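[1] return a 3D structure for these sequence lines:
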Amino acid sequence: MWGSTQMPIATHRHNGKLEPLGVDKAREDFADDTSVASSSQLQRRQPRRLPAASQQAQYARRLEIEAIEAKKRFTRELLQQHHTLLENHAKEVNEVAGGGGASGDDAPTRTNHEKTVASHQGDGNKTVSESEMVHRSRKKKKKKKRKKERQIRSKQRKVPLTVDTSKAKSNVEVLRICLNELGWFWKEHCTNRRVPCDLYWHAVSFYDNYKLPPGKVNKFPGLQELVRKAQLSKLLHQMQQLFPTEYEFYPKTWLLPEQFHQFCADVEVMHQKKPNHTPIFIVKPDCGSQGDGIYLINDPHKLSSIGLVRPAIVQEYVSKPLLLERTKFDLRVYVLVASIEPLQVYICREGMARFCTMKYQEPTTQNLHQVYMHLTNYSLNKRSEDFVHANSGDRGSKRTMTSAFASLANRGHDTLQLWEDIEELVIKTITAILPDLKVAWQAELTVNKIGPTCFQILGFDIIVTNQMKPILLEVNSSPSLRLDFDHEISPGVYEIIPSPVDEQIKIPLIKDVLRLIKPGPIGRRHSFGRPRSAASSTSSYMSDSDVTTPEPMSEDEEDPLHDSCLVEIWPRKFGKRYEELRIIERVARLYGIFLGVRGAIRMGATAFRTFSRRCKLGKGSLSMASIDIMYIDVTRRWNIDLPEGTAGGMVFGAFLEAFFLIARKKARGDTLLEKVSRLVDHCECNLNEGVLAIPNKGGRKLRRPEMGHYKFRRLGPLDS
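    As a prediction, the model looks like this:
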């Protein structure tokens, strides 16, 4: 074995190749011995004189022997240099493996260096041991993988979250603050140019931007119209017919001017039952906001133009509210509808308590006009000289809801049960809105069409009675997200002052909403597998109680609800308890099947006849002629306020009223709920040729998404 002394190797280039100096010398010796012409001789090109014939054989033999010796000498030098290189390389490997070199010269066994050199002698193709090769290969793969991951993360960081704030109006300030505090890389588009964005933030309605491309938008189509006072009253009244005890949280309401005579008759009955009691009513314009046009009356004949001319609602006034510091107050509760298919609802732990600016007294003829005493609207009370803007959330005329609850708890009230009742109120209200919302949503964003994903923040205005019972006043589709207020320093001159209470409530709310929905590249980096509300793969028939909240895909992913002010109340908390309240969604599904044209929101007379014939309703006591008359009567009543030139037809509310009429006439049962349930089963049975469709978790997806996943069982006749 050659020694381990390292020899310096001198090299030079020959014909473009790097060769040791020994090779060059051997080549020169070989050239001299064979009498190859030098460069000067080649340039002169002088002819060489050959020796005599007797000398040519000896000369050729000597040339052959010298050439063989030169070749051997050249080969020996190359091998010496090669083995020296291998020896040095083996020593480096041994030092790396042994932590700085082998320290066992006296060891009886061979060192790693000796084994490596021995392996070189045995097999010239191996340069290191097999274990070292495997280790190197794994290390190289890990290094390559880490490099690729860094490239991907770097590329994702360079892709900004694009946000369209052209229609955000006063909401843009809180949105910018929250995006910056989250540390997201985002880019704002605040012009009216039609640039595709990841997030569209609208201040008023879904239709602020027309024909939105795929992305996330903070409004649902049609929801603004559904939560208006008159329409919300109709939806809750429909649910009150089916579930009288579940919907007692909404005051008795009349629609004006069409129900004016009924209102007068009902007030007369109240006077007959309690002659010494004068009921008080509150009138609210249908399209009013911020307390505009609201007034109190104690006589139906004292109605003004708001109610007699302009559409409005009139409700029983809550004359015995819960007081705090002898002042009337209400609660603004923020609710996030993250998806409607499947339904996902979150409630914010923090809200707002809004106080009147006058000490409360029960309404009388003398104080009905005192709006600062009876109306809790912030837009009205902020004009009062007694309104207090406090820097703390537990004082002033506008406070945090948690501080108000703490004050009530100190006075001995059960605030935990009150909050539970508020959560149930929210779920029941959204359940009443959901069928009409799905009809509007499917008309605007068809299932097979790629469109935006919707979510929305709602503001529930709730007042609490002295019996700790929450009463729903109204639902705001666009609650104010301003972080400041206008202070009038002189007539017509206003100063904008930050509001610490609004910042304490609204900034955490918007931040947690953004963390939950994860728009654009944020959602691609942290995907939790939530179905899109605009193109959900889950059928609308599938029970949302069966849809579990997805868990993070890995331990490294951030939980969006960790330390969040948002709490999931559907389906996690109330999904199974109130599943029966969603029977009207099955009626909405029948309505959607027979609408015919995609995107339509009104059912024509032919479609209604087709529905009756396919479901076999025109038999027995109810003929097809009676069904035609019912269609004309109900449609005319619902379209009485329809503007001229608008296409007629039966909206879903009118279809539901006709469905209730048919159920009362044809189905058996003790209550309207039993009759409607039986009629729905009958219709689904006949549409599926004698079998009833019920939810099936593992069923095959049918062609029409509205029909959902089904398994079947036989069902008897409707009136059996």
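[2] surely residue 515 is in a helix?
    Yes: under DSSP: H, G, I helix; E, B strand; the rest coil, residue 515 falls within a helix.
[3] quick check, it in contact with residue 565.
    No: judged on C-beta atoms under 8 Å, residue 515 makes no contact with residue 565 at a distance of 10.5 Å. Any C-beta I mention is one placed from the backbone N, CA and C, and that applies to glycine too.
[4] shaky segments in the stretch 201-350 of the chain?
    Counting by pLDDT under 70, the stretch 201-350 of the chain shows low-confidence ranges at 210-211.
[5] report the contact partners of residue 407.
    Residue 407 sits next to 324, 394 when contact means C-beta atoms under 8 Å, 6 or more residues apart in numbering.
[6] what strand or helix carries it?
    Element membership of residue 407, judged by DSSP states H and E, is helix 401-410.
[7] distance of the nearest residue to residue 678 once chain neighbours are set aside from residue 619?
    Computed as C-beta to C-beta, 6 or more residues apart in numbering, the closest residue to residue 678 that is not its neighbour in sequence is residue 667, at 4.3 Å. With distances taken as C-beta to C-beta, to the nearest Å, residue 667 is found 13 Å from residue 619.
[8] higher neighbour count, these two?
    Neighbours around residue 667 and residue 619, counted as other C-beta atoms under 10 Å, are more numerous at residue 667. The numbers are 19 against 13.
[9] ok, that one touching residue 680?
    No: Residue 667 lies out of contact with residue 680 (C-beta under 8 Å); the separation is 9.3 Å.
[10] now residue 591: how far from residue 580?
    As judged by C-beta to C-beta, residue 591 and residue 580 stand 20 Å apart.
[11] more neighbours: which of these two?
    For the pair residue 591 and residue 580, the greater number of neighbours falls to residue 591 (25 against 13), based on other C-beta under 10 Å.
[12] how about the more buried one, what does it touch?
    439, 603, 652, 655-656 are the contacts of residue 591 under C-beta under 8 Å, 6+ apart.
[13] and the gap between it and residue 680?
    Distance from residue 591 to residue 680, counting by C-beta to C-beta: 12 Å.
[14] same check, this time on residue 518
    With distances taken as C-beta to C-beta, residue 518 is found 37 Å from residue 680.
[15] just want the most central residue of the protein.
    residue 517 (3.0 Å; C-alpha atoms, centre = their mean).
[16] where does the stretch 51-200 of the chain dip in pLDDT?
    51-54, 96-130, 152-158, 192-193.
[17] any chance you could map the helices in it?
    Assigned by DSSP state H, counting those that start in this stretch, the stretch 51-200 of the chain shows helices spanning 53-97, 112-122, 130-158, 172-182.
[18] packing partners of the top strand by length along the chain?
    For the chain, the longest strand by residue count, based on DSSP state E, is strand 327-340. Applying 3 or more C-beta pairs under 8 Å, 6 or more residues apart in numbering; DSSP states H and E, one finds that strand 327-340 contacts strand 343-348, strand 352-355, helix 401-410, helix 415-444, strand 456-464, helix 500-517.
[19] quick check: next helix or strand after the second one?
    Where DSSP H and E defines the elements, the next helix or strand beyond strand 352-355 is helix 371-374.
[20] what's that following helix packed up against?
    helix 378-381.
[21] follow-up on the earlier one: buried stuff in the helix holding residue 407?
    Judged by neighbour count using 16 or more other C-beta atoms under 10 Å, the buried positions of helix 401-410 are 401-405, 407-408.
[22] show the average pLDDT along that helix.
    What helix 401-410 shows for mean pLDDT is 94.
[23] relative to strand 327-340, how tilted is that helix?
    130 degrees (axes from the mean of the first three to the mean of the last three C-alpha atoms, to 10 degrees).
[24] can I get helix 401-410 in PDB, CA atoms only?
    The C-alpha coordinates for helix 401-410 follow below in PDB (Å, rounded to 0.1, in the frame of the first residue of the first chain):
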ATOM      1  CA  MET A 401     -71.900  44.600  25.800                       C
ATOM      2  CA  THR A 402     -69.600  42.700  28.200                       C
ATOM      3  CA  SER A 403     -69.500  45.700  30.500                       C
ATOM      4  CA  ALA A 404     -73.300  46.000  30.400                       C
ATOM      5  CA  PHE A 405     -73.600  42.200  31.200                       C
ATOM      6  CA  ALA A 406     -71.100  42.700  34.100                       C
ATOM      7  CA  SER A 407     -73.300  45.400  35.600                       C
ATOM      8  CA  LEU A 408     -76.400  43.200  35.200                       C
ATOM      9  CA  ALA A 409     -74.600  40.300  36.900                       C
ATOM     10  CA  ASN A 410     -73.600  42.500  39.800                       C
END
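[25] ok, back up a step: for residue 134, which of the helices and strands packed on strand 327-340 is the nearest?
    Of all those, helix 500-517 sits nearest to residue 134, with 43.9 Å by C-beta to C-beta.
[26] in the closest one, which residues are buried?
    Neighbour counts using 16+ other C-beta under 10 Å place 501-502, 504-517 of helix 500-517 among the buried residues.
[27] can you check stretch 676-684 too?
    For stretch 676-684, burial by neighbour count (16+ other C-beta under 10 Å) applies to 676-684.
[28] what's the farthest-apart pair in the residues you listed?
    Farthest-apart pair in these is 676 and 684; separation 12.6 Å (C-beta to C-beta).
[29] what segments of the stretch 601-720 of the chain are helices?
    Applying DSSP H, counting those that start in this stretch to the stretch 601-720 of the chain gives helices spanning 605-614, 624-638, 652-666, 672-687.
[30] turn those into a markdown table, columns for mean pLDDT.
    Output for those, formatted as a markdown table (pLDDT from 0 to 100):
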| stretch | mean pLDDT |
| --- | --- |
| helix 605-614 | 90 |
| helix 624-638 | 89 |
| helix 652-666 | 92 |
| helix 672-687 | 92 |
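[31] nearest to residue 205, of those?
    Closest approach to residue 205 among the helices of the stretch 601-720 of the chain is made by helix 652-666 (19.5 Å; C-beta to C-beta).
[32] elements contacting the closest one?
    Other helices and strands packing on helix 652-666, by 3+ C-beta pairs under 8 Å, 6+ apart, are helix 229-242, helix 415-444, helix 583-593, helix 624-638, helix 672-687.
[33] next, format the ones you listed as TSV and append distance to residue 301.
    Shown next, in TSV, are those (distance: least, C-beta to C-beta, whole Å):
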stretch	distance to residue 301
helix 229-242	22
helix 415-444	32
helix 583-593	37
helix 624-638	25
helix 672-687	34
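[34] wait, which of those helices is closest to residue 471?
    helix 415-444 (8.6 Å).
[35] in that closest one, what counts as buried?
    By neighbour count with 16+ other C-beta under 10 Å, helix 415-444 contains the buried residues 415, 418-419, 421-444.
[36] and what of stretch 466-473?
    Neighbour counts over stretch 466-473 (16+ other C-beta under 10 Å) mark 470-473 as buried.
[37] run through who's touching that stretch.
    Stretch 466-473 is contacted by residues 249-251, 318, 320-323, 330-331, 413-414, 417-418, 421-422, 425, 429, 460-465 when judged by C-beta under 8 Å, 6+ apart.
[38] need the buried ones from these selected in ChimeraX.
    To isolate the buried ones among those in ChimeraX, judged by 16+ other C-beta under 10 Å, type:
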select :249,250,251,318,321,322,330,331,413,418,421,422,425,429,460,461,462,463,464
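[39] between the contacts of residue 591, which has the most around it?
    Counting by other C-beta under 10 Å, residue 655 has the largest number of neighbours within the contacts of residue 591, with 27 neighbours.
[40] could you report the distance from it to residue 238?
    Taking C-beta to C-beta as the measure, residue 655 falls 11 Å from residue 238.
[41] same check, this time on residue 357
    37 Å.
[42] follow-up on the earlier one: the helices and strands packed on strand 327-340: which one's closest to residue 86?
    The closest approach between residue 86 and any of the helices and strands packed on strand 327-340, judged by C-beta to C-beta, belongs to helix 500-517 at 59.5 Å.
[43] pull the CA atoms of the closest one into PDB?
    This file holds the C-alpha atoms of helix 500-517, laid out as PDB (Å, rounded to 0.1, in the frame of the first residue of the first chain):
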ATOM      1  CA  PRO A 500     -62.300  53.900  21.600                       C
ATOM      2  CA  VAL A 501     -65.400  51.900  22.200                       C
ATOM      3  CA  ASP A 502     -65.900  51.300  18.500                       C
ATOM      4  CA  GLU A 503     -62.300  50.300  18.100                       C
ATOM      5  CA  GLN A 504     -62.500  47.900  21.000                       C
ATOM      6  CA  ILE A 505     -65.400  46.100  19.400                       C
ATOM      7  CA  LYS A 506     -65.000  46.300  15.600                       C
ATOM      8  CA  ILE A 507     -61.300  45.800  15.000                       C
ATOM      9  CA  PRO A 508     -61.200  42.400  16.700                       C
ATOM     10  CA  LEU A 509     -64.400  41.500  14.900                       C
ATOM     11  CA  ILE A 510     -63.200  42.300  11.400                       C
ATOM     12  CA  LYS A 511     -59.700  40.700  12.100                       C
ATOM     13  CA  ASP A 512     -61.300  37.400  13.200                       C
ATOM     14  CA  VAL A 513     -63.700  37.500  10.200                       C
ATOM     15  CA  LEU A 514     -60.800  37.800   7.900                       C
ATOM     16  CA  ARG A 515     -58.800  35.100   9.700                       C
ATOM     17  CA  LEU A 516     -61.800  32.800   9.400                       C
ATOM     18  CA  ILE A 517     -62.700  33.300   5.700                       C
END
